[in-house]
Structure formats: C-alpha cells, structure tokens
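**Q** Return a 3D structure for these sequence lines:
(2 chains)
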Amino acid sequence: MQIFPCPFCGPRDETEFHFAAEAGKHRPEPAPEVTDTAWSDYLYGADAPKGRAREVWVHLTCGEFLLLTRDTVTREVLDAAALPGRGEAAT
Amino acid sequence: MTRYSALALAREGLRGHRGWRPAWRKPDPKPAYDAVIIGGGGHGLATAYYLAKNHGVRRVAVLEKGWIGGGNTGRNTTVIRSNYFYPESVALYDLALRLYEGLSKELNYNVMLSQRGMLIAAHTPMQMEICARIANAMMLNGVDGSLMGPQEARARLPLLNDAPDARYQCLGGVWQGRAGIARHDAVAWGYARAASALGVDIVEGTTVTGISTTGARITGVETDRGPIACDRLGIAAAGATPGLVAPLGIRLPIHDYALQAFVSEPVKPMLDTVLLYLGTGTYVSQSDKGELVFGGGLDRVPTHGQRGNLPVQETIVSGLLEMFPAFGQLKLLRQWAGVVDVVPDSSPILGPAGPEGLFLNCGWGTGGFKAIPAGGWLLAHMLATGAHHEVSRPFDLTRFAEGRLIDEAAGSGIAH
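**A** Residues are numbered from 1 along each chain as shown, chains lettered A, B, ... in the order given. The predicted structure is shown next:
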C-alpha cells in the first residue's frame, strides 16, 4: 500500500485517491469558436509523460481536488498542493 | 530456414539435438530500409511478416529497444476471443481470431492455440440481460456467441463456489466456443522466425531516439546505433507511443497504466475453459503446464513502471478465491505488470498520423495480444499501400475529433 499525501487531510492510503486529469488543461473558449480538433484534444488528449508529471487528483474521502507531482516510473509522490484559486493558472 | 516437423524432431533426437539453429537472424541495422517498424512485440513482428508475405516488401527492419516479445506480448494472460459488441470491433477481433486459427501452420511454428471456450459469467438477472444483448450482438455480427444457462456453466466450472452463502451465485453468461488461449512467446518467436526467413531484419537492443522528417514527410529514424533512412514508418510501441510522437507535435488520447497478471504453482487439470466473472472482475485460465493464469482490473495510477500495486493485487486475488475457494491452497509463483496504453473508448488507434508515411498501431490497452495477427495484417496493409484497410478505417485517429467513438468499455472485459 502506497501512502499519498492530501494537502487537507495529511498522509492517507492510495485507495482513497482517484486520478482526474493531467494538470495544465484549460477548457477552450468561447465555445462557438472552438474547433472539433481543439475540443477533442481538450477532452481526450494526454501527454502521458514518462518521469515527472503534474496531475489533478481527487481525495475521495474529503472530496477535495489537489495537484500531485509524481514520478510515473518510480511512482514516488514528490509534492502535493491545493489547486490554485480562480484566475490562477495550474501548470 | 529449416522447417520444423515431426521428422526433424526425430532426426535431431537421434543426433542429440545438436543441429538446431537460431530461429531468427541477429543482423546489424542497415543505413536504409523501405519500411521501418518501431516495436518488436507481437504487433510489430506480425506487421513485418505480413509486409513481406502479403505485399512483397522485404527491405524491412523491426527496431526493438529490449528483446522481442519482452513487453506486453510476453506479459499478458494469453486470452484470445472476439466477443465484442460493435460490428467494427467484431470485424477486427474476429479477423485476428481467424488468422490465429491458421497461424501454427502459416508460420510453421506451434503457437499452441487452445480453443477451449470462454465464459463471461453473470450473477444478477440484470447482468444476464446484458449478456443476452452481447450474445445477440455477436450472432448478428456473424461470430459464435451464445447465452449459457446456470446448469451448463456450473458443469463447465466444477470447482466454482456454489455454496448457499456464496457472494456471487453464477446464473450463466456469454459463451464463445472459439475463444481460448495461446502460447504468447511462441506468437512473437513464430512471427520473428517467419519474418526473418523472408528477409526482414529484426534488430534488438536498439532504441529509437527520434523521428526524422522534412516537415511533411517521414525521412527516417534516429537510433542509439545511428540514423536509419526510410520513407514509411510504423509504430507498434504500445505505452511508449505517446513519447515517440510527441516531438512531432502529435498528442494522442492515451493514458498509460499498469495491468497486473499472476501465475500460481502448477497443479493437475481442473479448469478447461477461460472464465471472466463480472462480479469479481477477475479472469482465470489454466495453462498447459497446469498453472493458473489470472488477472483483473487496471491499477488506477498512471504509470510507465512495469510493476503493480498492492491494493489491486489484493482485489484480484480475493476475487479469485471468492470464485474458487479451493484455490486458496495454491501458492503464487509469479506476479508482474505491463504498461498498457488505454484509450477513452477502449478501442485501438490504427491509421496515419502527422507527417506522410507515418502509421500508428497503438491504444490496444488491456487487449492487444488477442489482436496481434489483425494488427500486423492491417498495419502492413497501410504501410504497403499508404491507405486504410476497410477493417482498420473505423479505428482512425480522426474518430476522436469527429465524435464517432467505438466504445467497447464492456467488450474490453476490464474496467478502464
């Protein structure tokens, strides 16, 4: 069992967490001007990085979303942080 | 290439087996080829074989960073089936199954195909309705699917837990009699041997470090053993595909996860079919050596590391013991994982991408082994003709922008 850190609850079992998306995705807007290609890239596109990755996860037990910095080869969790506020960019 | 036969076996037996030769050549890469394939797993090797056999393209190299069949081809649980839902999928997976049915003869290499049938077992009336729907879809699509009742299911699975307090009471399920298992290493080795005999260079221990283009066209690949020129490039590299095409500005709808598999110590024959239980998500078959080969759902942590995590291991093993309490006496022999390239609709990506001359065969996720002959057949067709085969066309990368996904979340058999 791996322990993941939640910025709100502290260290918890990995089974309490669920991967949501790669970080840095921004919903393309305004909708009428968004091409099919840009929309499908937003919906489905992924970098699937090998090594250091920034990801949005949800801690299912507290319901909060968070940013994890992980190594996708070793599975080591390098950092956990709250999502940035409205208007700030998540990278 | 020396033909394998009963006579050759007898002759070598009398000579102390000193006459066997390596099954494929180990050439150094040449500076240029007509076509290069990245990835020496089943799909890449099958592609090379069908390029040479079906299309007469013999100046072909397969570049493999490790050893052939050392990735997912050698890590899967060897199940072959075509019990999918949509016509496009059945056309694809049944092409593979039909090619598998003749493969040992075709390659002169025993891939040990054992069509022992597969049951997807249900334990609620609602699941049985879905099973009936899948069986009906299979029949409409022209493959051998049928709905199996509880008596026959229990007769086929004598050790199945049918105690009154069992958590999952088997009500039957979807049966495909032509489904089965094969020897996964033999599929890779058989294709490698047959392709090598037709002139294909299989280059192991060579890593592709970059793809060269003139912008609009493929011109070759950069490797750790120098550049190799080609104007047609096929990529059959599963989870490594996103990283290979990223420098070309191509982003794929692929997430990489680990999928685990397990093998028990060998025991006498007690399970002569393939079972996937909807209630537990665990699937199991017994190998010719007597080992139980089983697996279950994905690790839900994106990863490129070929190892599994403990919670999923616990879920899969407890699922197995819920179905077959007697298996609790067995020891686990091995446990491992492969990196699978999972796509949102659980269907593969087959077709051109980016610069002219580049074709992809990826996104098989948890089910690539069963599709090896078809994946190779279709990628070879695209590399040789520059155009889609009618079976591969629906699986083009453009389906995501066009919104015509082929959602086989249920057909893939494993929760994605």
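**Q** count of neighbours near residue 27?
**A** Here I'm looking at chain A. 9 (other C-beta atoms under 10 Å in any protein chain shown). Backbone N, C-alpha and C define where each C-beta goes, glycine included.
**Q** my bad, the chain I had in mind was chain B
**A** For B:P27, using other C-beta under 10 Å, the count is 12.
**Q** What helix or strand is it located in?
**A** Under the criterion DSSP states H and E, no helix or strand holds B:P27.
**Q** Residues of chain A that sit close to chain B?
**A** Residues of chain A lying near chain B by C-beta under 8 Å from any C-beta of the partner chain: A:1-2, A:13-15, A:18-19, A:36-37, A:39-41, A:43-51, A:53, A:55, A:72-75.
**Q** Now for the closest residue to B:M112 other than its chain neighbours: which residues touch it?
**A** The shortest distance from B:M112 to any non-neighbouring residue, by C-beta to C-beta, 6 or more residues apart in numbering or on different chains, is to B:R183 (3.9 Å). B:R183 sits next to B:78, B:110-112, B:288 when contact means C-beta atoms under 8 Å, 6 or more residues apart in numbering or on different chains.
**Q** Could you point out the bridge partners of the closest residue to A:L83 other than its chain neighbours in the sheet?
**A** Leaving aside its chain neighbours, A:L83 sits nearest to A:F65 (5.3 Å; criterion: C-beta to C-beta, 6+ apart). Here A:F65 shows beta-bridge partners A:V58, assigned using DSSP bridges.
**Q** Need the per-residue pLDDT for A:F65.
**A** Reported pLDDT at A:F65 in the predicted model: 95.
**Q** Could you give the number of residues near it?
**A** 14.
**Q** Ok, B:G413 next?
**A** 23.
**Q** give the contact list for the closest residue to it other than its chain neighbours.
**A** Residue nearest to B:G413 in three dimensions, not counting chain neighbours: B:L276, with 5.6 Å by C-beta to C-beta, 6+ apart. By C-beta under 8 Å, 6+ apart, the contact list for B:L276 reads B:118-121, B:282-283, B:413.
**Q** now do B:N141
**A** So B:N141 contacts B:87, B:90-91, B:94 (C-beta under 8 Å, 6+ apart).
**Q** quick one: the helices in the chain?
**A** Defaulting to chain A. A:36-44 (DSSP state H).
**Q** The chain in question should be chain B.
**A** B:6-14, B:42-55, B:87-101, B:103-107, B:125-140, B:150-156, B:184-197, B:241-245, B:310-323, B:372-385, B:399-402.
**Q** so of these, which one's packed in deepest?
**A** helix B:42-55 (a mean of 28; mean count of other C-beta atoms under 10 Å in any protein chain shown).
**Q** Tabulate the CA atom coordinates of it in PDB.
**A** Coordinates of each C-alpha in helix B:42-55 appear next as PDB, following Å, rounded to 0.1, in the frame of the first residue of the first chain:
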ATOM      1  CA  GLY B  42       3.700  -9.200 -31.500                       C
ATOM      2  CA  HIS B  43       2.100  -6.400 -33.500                       C
ATOM      3  CA  GLY B  44       5.500  -5.100 -34.800                       C
ATOM      4  CA  LEU B  45       6.700  -8.600 -35.800                       C
ATOM      5  CA  ALA B  46       3.400  -9.500 -37.400                       C
ATOM      6  CA  THR B  47       3.500  -6.300 -39.400                       C
ATOM      7  CA  ALA B  48       6.900  -7.100 -40.700                       C
ATOM      8  CA  TYR B  49       5.900 -10.600 -41.600                       C
ATOM      9  CA  TYR B  50       2.700  -9.600 -43.500                       C
ATOM     10  CA  LEU B  51       4.600  -6.700 -45.200                       C
ATOM     11  CA  ALA B  52       7.000  -9.400 -46.600                       C
ATOM     12  CA  LYS B  53       4.400 -12.100 -47.200                       C
ATOM     13  CA  ASN B  54       1.300 -10.200 -48.400                       C
ATOM     14  CA  HIS B  55       2.900  -7.200 -50.100                       C
END
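**Q** Flag every residue of chain B that's near chain A.
**A** Residues of chain B lying near chain A (C-beta under 8 Å from any C-beta): B:239, B:242-243, B:246, B:251-256, B:300-305, B:309-311, B:341, B:344, B:400-403.
**Q** Buried members of these into PyMOL, please.
**A** Restricted to buried positions by 16 or more other C-beta atoms under 10 Å in any protein chain shown, the PyMOL selection for the residues of chain B next to chain A reads:
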select buried, chain B and resi 239+242+243+252+253+254+255+256+300+301+302+303+304+305+309+311+341+344+400+401
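**Q** So what does A:A48 have for phi and psi?
**A** Dihedral angles phi and psi of A:A48 (degrees, to the nearest 10) take the values phi 40, psi 60.
**Q** What pLDDT is listed against the residue nearest to it when sequence neighbours are not counted?
**A** Using C-beta to C-beta, 6+ apart and skipping residues adjacent in sequence, the residue nearest A:A48 is B:P242, 4.2 Å away. Note on B:P242: pLDDT of 95.
**Q** same thing with A:A90?
**A** 57.
**Q** Taking the stretch 1-150 of chain B, what residue is nearest to chain A?
**A** B:K65 (12.8 Å; C-beta to the nearest C-beta).
**Q** Quick one: the contacts of B:N141 as a markdown table, columns for pLDDT too.
**A** Shown next, in a markdown table, are those (pLDDT from 0 to 100):
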| residue | pLDDT |
| --- | --- |
| B:P87 | 95 |
| B:V90 | 95 |
| B:A91 | 96 |
| B:D94 | 96 |
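**Q** quick one: which of those residues is nearest to B:G319?
**A** For the contacts of B:N141, the residue nearest B:G319 by C-beta to C-beta is B:V90; the value is 27.5 Å.
**Q** residue closest to the middle of chain B?
**A** B:F369 (1.2 Å; C-alpha atoms, centre = their mean).
**Q** if I pick the residue of chain B found nearest chain A, what's in contact with it?
**A** Closest contact between chain B and chain A, by C-beta to the nearest C-beta, is at B:P253 (3.5 Å). The neighbours of B:P253, taking C-beta under 8 Å, 6+ apart as the test, are A:40, A:44-46, B:343-344, B:349, B:363, B:400.
**Q** Please name the nearest non-neighbouring residue to it.
**A** With C-beta to C-beta, 6+ apart, the residue lying closest to B:P253 is A:Y44, at 3.5 Å.
**Q** do B:W364 as well
**A** B:P348 (4.8 Å).
**Q** correct me, but that neighbour touches B:L378?
**A** No. Applying C-beta atoms under 8 Å as the test, B:P348 and B:L378 come out as separate, 9.4 Å apart.
**Q** Need the overlap of contacts for these two.
**A** B:92, B:361.
**Q** where does chain B dip in pLDDT?
**A** B:414-416 (pLDDT under 70).
**Q** so B:Y283 sits right up against B:G413, yeah?
**A** Yes. When contacts are counted by C-beta under 8 Å, B:Y283 is listed as touching B:G413 (6.9 Å).
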